[in-house]
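>>> attaching a predicted model along with its sequence, questions to come.
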Amino acid sequence: MGATAIGTGINAPPRYANAVREHLVAITGLPLVTSPNLVEATSDAGAFVQLSGVLKRIAVKLSKPATIFDSSPRGRGPESGDPPPAVQPGSTIMRER
């Protein structure tokens, strides 16, 4: 499907893009349309990069509750009687008074 200089249509017959779209519709059954700006449609993967970043952020947010307490076999945490781990050395909020 290439040989059109990044969607410009150079070096391709006038109906090439439309013929390719019609063929893909015929073999996939999907309601495909040709982009009005083929250069922009073929050169940008920004949406995939953004989606990847969002998914990574969600994964980090979901993993935080799992790392609050030690997952050792003793079952550390409030129910075990063990004190919670120190948050930050020297933190004024967590100092005992």
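Yep, that arrived.
>>> check which element follows the helix or strand harbouring His23 along the chain.
His23 is part of helix 16-28 when elements are defined by DSSP states H and E. Per DSSP H and E, helix 16-28 leads on to helix 38-43 as the next helix or strand towards the C-terminus.
>>> check which helices and strands that following helix sits against.
Applying 3 or more Cβ pairs under 8 Å, 6 or more residues apart in numbering; DSSP states H and E, we find helix 38-43 packed against no helix or strand. Backbone N, C-alpha and C define where each C-beta goes, glycine included.
>>> list the contacts of stretch 55-66.
Contacts to stretch 55-66, defined as Cβ atoms under 8 Å, 6 or more residues apart in numbering, come from no residue at all.
>>> number the residues from 29 up from this point.
Done: numbering now begins at 29, and the last item shifts to stretch 83-94.
>>> ok, Gly37 - contacts?
The contact partners of Gly37, by Cβ under 8 Å, 6+ apart, come to Tyr44, Ala45, Leu66.
>>> any idea how far the first one lies from Gly81?
Using Cβ to Cβ, to the nearest Å, one obtains 36 Å as the distance from Tyr44 to Gly81.
>>> higher neighbour count, the two?
In this view Tyr44 and Gly81 are compared by other Cβ atoms under 10 Å, and Tyr44 has more residues nearby, 14 against 10.
>>> any idea of the pLDDT on the more buried one?
The per-residue pLDDT reported for Tyr44 equals 85.
>>> what of Val82?
95.
>>> run through this protein and note the low-pLDDT ranges.
For the chain, the stretches with pLDDT under 70 are 29-32, 34-35, 71-72, 94-125.
>>> go through stretch 81-95 and flag the buried ones.
By neighbour count on 16 or more other Cβ atoms under 10 Å, the buried set for stretch 81-95 is empty.
>>> could you do stretch 43-55 as well?
For stretch 43-55, the neighbour count (16+ other Cβ under 10 Å) marks Ala45 as buried.
>>> go on, stretch 62-77?
In stretch 62-77, counting by 16+ other Cβ under 10 Å, buried: Leu66.
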